[in-house]
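**Student:** Give me a 3D structure for the following:
(4 chains)
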4 protein chains.
Amino acid sequence: MSKKQLRIGMVGYGFMGRTHSNAFMQASRFFDLGYKPELSIVCARNRERAQAFADQWGYGGVETDWQKLVARNDIDLIDIAAPNDMHHDIAIAAAESGKMVMCEKPLGRTATESRAMVDAVRKAGVPNMVWYNYRRIPAVTHAKNLIDSGKLGRIFHYRAQFLQDWTISEDLPQGGEALWRLEKSVAGSGVTGDLLAHCIDTAMWLNGRIENVTAMTETFIKKRKHNLTGQIEKVRIDDASAFMARFRNGSLALFEATRFARGHKALYTFEINGENASLIWDLHDLHRLQFFDHHDEGTERGWRSIHVTDGEHPYMDKWWVPGLSIGYGESFIHQAADFIKGLDGDPATPTFADAHETDLVTDAVLKSAETGQWEKP
Amino acid sequence: MSKKQLRIGMVGYGFMGRTHSNAFMQASRFFDLGYKPELSIVCARNRERAQAFADQWGYGGVETDWQKLVARNDIDLIDIAAPNDMHHDIAIAAAESGKMVMCEKPLGRTATESRAMVDAVRKAGVPNMVWYNYRRIPAVTHAKNLIDSGKLGRIFHYRAQFLQDWTISEDLPQGGEALWRLEKSVAGSGVTGDLLAHCIDTAMWLNGRIENVTAMTETFIKKRKHNLTGQIEKVRIDDASAFMARFRNGSLALFEATRFARGHKALYTFEINGENASLIWDLHDLHRLQFFDHHDEGTERGWRSIHVTDGEHPYMDKWWVPGLSIGYGESFIHQAADFIKGLDGDPATPTFADAHETDLVTDAVLKSAETGQWEKP
Amino acid sequence: MSKKQLRIGMVGYGFMGRTHSNAFMQASRFFDLGYKPELSIVCARNRERAQAFADQWGYGGVETDWQKLVARNDIDLIDIAAPNDMHHDIAIAAAESGKMVMCEKPLGRTATESRAMVDAVRKAGVPNMVWYNYRRIPAVTHAKNLIDSGKLGRIFHYRAQFLQDWTISEDLPQGGEALWRLEKSVAGSGVTGDLLAHCIDTAMWLNGRIENVTAMTETFIKKRKHNLTGQIEKVRIDDASAFMARFRNGSLALFEATRFARGHKALYTFEINGENASLIWDLHDLHRLQFFDHHDEGTERGWRSIHVTDGEHPYMDKWWVPGLSIGYGESFIHQAADFIKGLDGDPATPTFADAHETDLVTDAVLKSAETGQWEKP
Amino acid sequence: MSKKQLRIGMVGYGFMGRTHSNAFMQASRFFDLGYKPELSIVCARNRERAQAFADQWGYGGVETDWQKLVARNDIDLIDIAAPNDMHHDIAIAAAESGKMVMCEKPLGRTATESRAMVDAVRKAGVPNMVWYNYRRIPAVTHAKNLIDSGKLGRIFHYRAQFLQDWTISEDLPQGGEALWRLEKSVAGSGVTGDLLAHCIDTAMWLNGRIENVTAMTETFIKKRKHNLTGQIEKVRIDDASAFMARFRNGSLALFEATRFARGHKALYTFEINGENASLIWDLHDLHRLQFFDHHDEGTERGWRSIHVTDGEHPYMDKWWVPGLSIGYGESFIHQAADFIKGLDGDPATPTFADAHETDLVTDAVLKSAETGQWEKP
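**Tutor:** I've put the predicted structure just below:
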């Protein structure tokens, strides 16, 4: 085959290591791409586990030091699927060594971190992307297309929430490999960076920039046992975070994320209300887009439940037949495919620069939660 | 006021006595009618209970013998809300005495009974109607309008079911005032006449006549204590009844009713699939009509959930404001209002003659369940 | 019958005049009450229309001056179904004349107005109530019972929204009889008093007092033709209003109301998340309560869609049989019945004093929208 | 690695060739299996297309004659993803050459065909399976587990439907590579073998054997252009097929499949009602199982919407985190994994023998549609 090589060095073998590895492998099965991704090296501190992961996924080898990985000549792309506190250093080193860089979200623990990362990839001129995968759920991409077509008209309202319930138990500890999302030094923040960041990325993609925000955060369980120290320690991340916003286009918005909404596992929903039409989406039924079109005949108007599984819907010509759904994992496959396509054309988004904008908003949210004032990103 | 009197003699004070009494009273509040209904006399064997009912609802008096009621000169309309075994005699006597007659469904316990009732009202030339109330749920009426407009095109499929679960317990007795629906001599049949009759009335109204049927019935609990005798006796009604049918317009149909579908209280649903559009309705959310229009733009097609509560929707200009729903009881109010309007114009349906057609189908269903053959109504 | 008289003087014959009149009449049909409500006098400036309304609903007479109505000796209860700017004067005069007073919501245009009204009914010692009818939708009452039972445990989150879309068109004028809700001098505010007030009343009933709020409001259409002057005039009410809040029990809340959410007619929803269970309700399907119980067996957990139509559910033993729903109008019937029952026992709520608490919150919301600060009610 | 080889010879590269190829590849990524499946050879008449498919999916080589494929020594398993008229010959030859055989459904065009295929695999003693993939949608497997646990108690009702709308247009031709499903000589039957077969397989797995059936079928479009001849020819397959049945456990059933239900793409649903509990599933939202448990407290009973995405749910520990769904393709992955696991233990089902039982039912359905009588499988 005349396809170009794309040799991937993956940092991390956790949940995201799996979704990314699967994404690259499946992208070449289901999409017609100019590059053939190869799972070359997986890097993790624990060699044994790294090797087991490599065997399962077909990686050609392992490294235990990410600096060695970055320095190798036989790698084209560094993909960072490690915890948030490692994003900054690895990404900058990878860029400086001239490699393409993909990074899990959020890009930085703070906008200051991600600012430096943006500068690094710009200076190096390397392709870069952040895995805000929800843009590429077909129903979400379809929403983007409908908005861009002008069907909604002037936008009045945007709402998003990301509700989970997995940290309600007081017995859940914090920290360590499994629960680094509860440790501020590693994660940067709690649900603000973990969940709201997704909501903000989608929102700005669909509805443009955010002008200002007013926020509140809460840590319901004040102390938890720490997995590394074994001690009961103060919890420093936010269990819940909500903010109101005004977009630059004049629309009003409400955003909320929490891990304390009993009954919701991963209820990421958004709604956008325009002058002429509205849209609602929900991750729990990710293949459906709710669409209300005021131009429908009066007595027949109703929210349409569009089952976004036809060949004409975004990405769906690559999969099965109408009515048959795909899942969460496929959003990463689409993103990998789009990144690769972008290497020979317009770069795919969100780039590091786009993701830095999201970090500016999450920083403003956290600041407003402290000041009680409206803050600008 | 210049409104004409409409003096009502009501037979029965049970569930249906209440819905009918309410219907007449509310019709004059919410509709502009040429007649003013008056709750004149309620008739029931038990004078004390009849009087209590009269006091609650404002009836002017009571009778304990329906023959005396029918013979009175100060009554214009006899409304039969008594068990099925009384429909035939009362209706015929009422017609013969020149009174308008309204009757609960099913019209007869058999088509033979209802045939005689049709003949009586025809001979007497008196206005008549059967309380198949579901036609006048606004969403159902709206479905009728959409079908009549031709939006659906050629019809391929019709489905209806009426699922309940209230007789599953073996400890439930049969017979007597409360449970006459389980006694064949009173009810005529089980779910066939009680529930399928509703499905058939709506179906023929929406989709025309039925050509032939093949059916199965079942009595899951074979014996129950009888409330009147105190003995364990054989259950003679059908607990479940299903049939397949071909309509004269060439469409295929499935019908099912049961009191053994755990989890469903009164799940009356129908669906109709046409060449160009389809409709689904469900009594449990009676204010919604699901509508799929193939003429919608391809990637935006989806089942529309029409909240049938706008002023432009059938009957809804008489009620509240858009988005605010009405309930089950209002379907009877609409029927009373339409009956009264029909006195000065085209008679409202379903008439006795229409309801007799339904009895012909239920008779064919019960016959087919015995013969195992396709039968014609 | 030995029932006591309850002679009602109704002020207003609009949408609310109808719901209230219907409520009193139906309450005595479907509930067993110690008082028999009588529709005695309806009062409105336009005598002709008042008389037509009186004829339709069976009022014994009409007045065109509310002060004459209040002064009559043959009236026991003044029910205020007139626009918001009339609530204060009529209510205080009614109380001073020793009559029971019922009033549409919001109680005052401001908390200052309602403070005086509370003082008046307290001083007079007269029964009083405000028509926050949504408390008495059976599913909402059932939610209250579940919360009070302790099933939810510690509460973390509360969310409410009331979304409409009827004022999006720029061609819609403001003011006058039909559109007084768009005129600040009559309505007091826009959606804050009209819609958020409902959300706040329910929220404080279910979840207790609100500690503080931060809010934003918007008027999307800045100028509209005024119905009375015929001129294009500035719109002074809020088209949309949203706020974040902290309840005294430590839970976080988001509230939003708008008339610019295309596709929603009257989407009043609330959700409450507790440690052990959660509840969701939605006015568009008002007979359903969504309930998630973490105590269900792990693999069988799911949101339960409770069809609140069983005889054991609040108020439903007064209506039909399981599975058959009631509508919006019935919530007023329940409230009328409860008010009357409360005359001989514990007074029904919300009283004027309760409704004044809601006005304190809406005042804080409007203030915060100006200051950009967190404000206390 | 010490994993055993499992060298696959795939016949067919269409829709099912893709799902099966993906299944084997992904099974080894997401499951821990004793065998490592290898995509060895793909076989199809068109060498060029076969080679393109081989390149895309990583097959080691191609054959254009299935008899050569079956004769090769370097193949362990023949997987038949070719049209129905090829199943019989290939499967028998594969068994006779001692190879494992997997076959798309339906197993035969008739039960006579599949009877011979069952005999062949039995005689050869080779592992065998039919790709009735819907058993392994996690929500369906969970339904099986709940039924087997006894939670439902005595079963009263079973309902299934598989509704599509893709052949409504009269302009759609029949026959040839793309539309062999409309040609009786290739497909065997229309929706009976294509769609009802799925419903029957699931039903007998969940609810046991079927005692007898009465059926109706219809061909709405009588003539279509034939892709191979270019002539307008009679359509010989059934566009719609429905039947009523009695199961051996005494429950009643309705089954229906059609390609003429406007608005439904692939609406495969089933419902089962037991004495104590009921279940509903729907392919359009395949990750949800509706569950009603009568043992829940009376006023809190409701249909639970179980989002079958927890680690404790069938297969879901292999995928993402709670709340994140998988799709249609994964059901094949699960089936491939189970087949491979079964090689070292209890063979996975449905075997050829199981699938033959389904063919007996579809044969009885087609016969009853002709005779108008109840027929036994």
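
**Student:** packing partners for the helix ranked longest in chain A?
**Tutor:** What stands out as the longest helix in chain A, according to DSSP state H, is helix A:352-371. Packing partners of helix A:352-371 (3 or more Cβ pairs under 8 Å, 6 or more residues apart in numbering or on different chains; DSSP states H and E): strand A:100-103, helix A:111-124, strand A:128-130, helix A:197-207, strand A:210-218, strand A:240-247. In this view, the C-beta of every residue, glycine as well, is placed from N, C-alpha and C.

**Student:** so which of these is the most packed in?
**Tutor:** By mean neighbour count, with neighbours taken as mean count of other Cβ atoms under 10 Å in any protein chain shown, strand A:128-130 ranks first of those at a mean of 29.

**Student:** which outside residues touch that one?
**Tutor:** A:91, A:95, A:100-105, A:107, A:121, A:335, A:339, A:342, A:347-352, A:354-355 (Cβ atoms under 8 Å, 6 or more residues apart in numbering or on different chains).

**Student:** just stretch A:332-344 next, same as before
**Tutor:** Outside stretch A:332-344, the residues that touch it by Cβ under 8 Å, 6+ apart are A:6, A:19-20, A:22-24, A:26-27, A:30-31, A:33-35, A:37, A:100, A:102, A:127, A:129, A:131, A:133, A:135-136, A:138, A:315, A:348.

**Student:** So how do I select the buried members of the residues you listed in PyMOL?
**Tutor:** To isolate the buried members of the contacts of stretch A:332-344 in PyMOL, using 16 or more other Cβ atoms under 10 Å in any protein chain shown:
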select buried, chain A and resi 6+19+20+22+23+24+26+27+30+31+33+35+37+100+102+127+129+131+133+135+136+138+315+348
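
**Student:** Identify the residues contacting the residue of chain A most remote from its centre.
**Tutor:** Distance from the C-alpha centroid of chain A, by Cα atoms, centre = their mean, peaks at residue A:299 (39.9 Å). Each residue near residue A:299 by Cβ under 8 Å, 6+ apart is listed here: B:142, B:306, B:310, B:312-313.

**Student:** ok, how many other residues are close to the closest residue to residue A:328 other than its chain neighbours?
**Tutor:** Of all residues not flanking residue A:328 in the chain, residue D:324 sits nearest, at 3.9 Å (Cβ to Cβ, 6 or more residues apart in numbering or on different chains). Using other Cβ atoms under 10 Å in any protein chain shown, residue D:324 has 22 neighbouring residues.

**Student:** just checking, residue D:324 touches residue D:309?
**Tutor:** Yes - using Cβ atoms under 8 Å, residue D:324 is in contact with residue D:309, at 6.1 Å.

**Student:** Tell me which residues touch the spatially most central residue of chain A, please.
**Tutor:** In chain A, the centroid-proximal residue (Cα atoms, centre = their mean) is residue A:132; its distance is 2.5 Å. Listed by Cβ under 8 Å, 6+ apart, the contact set of residue A:132 reads A:105, A:197-198, A:201-202, A:350, A:355, A:358.

**Student:** Identify the farthest-apart pair in the residues you listed.
**Tutor:** Within the contacts of residue A:132, A:202 and A:355 form the most distant pair, 12.3 Å apart (Cβ to Cβ).

**Student:** ok, which residues in the stretch 251-377 of chain A are in contact with chain B?
**Tutor:** When proximity is defined as Cβ under 8 Å from any Cβ of the partner chain, the stretch 251-377 of chain A approaches chain B at A:289-291, A:293, A:296, A:298-307, A:310, A:312-313.

**Student:** May I have the secondary structure class of residue A:192?
**Tutor:** Recorded secondary structure, residue A:192: helix (DSSP: H, G, I helix; E, B strand; the rest coil).

**Student:** what do you get for residue A:185?
**Tutor:** Once three-state DSSP is applied, residue A:185 turns out helix.

**Student:** Setting the sequence-adjacent residues aside, check what's closest to it.
**Tutor:** Nearest residue to residue A:185, sequence neighbours excluded (Cβ to Cβ, 6+ apart): residue A:85, at 6.7 Å.

**Student:** gap between the one you found and chain B?
**Tutor:** Distance, residue A:85 to chain B, using Cβ to the nearest Cβ, to the nearest Å: 42 Å.

**Student:** Could you give the number of residues near that residue?
**Tutor:** Neighbours of residue A:85 under the rule other Cβ under 10 Å: 17.

**Student:** where does it land on pLDDT?
**Tutor:** Note for residue A:85: predicted pLDDT of 97.

**Student:** In contact with it, which residues?
**Tutor:** By Cβ under 8 Å, 6+ apart, the residues touching residue A:85 are A:109, A:185-188.
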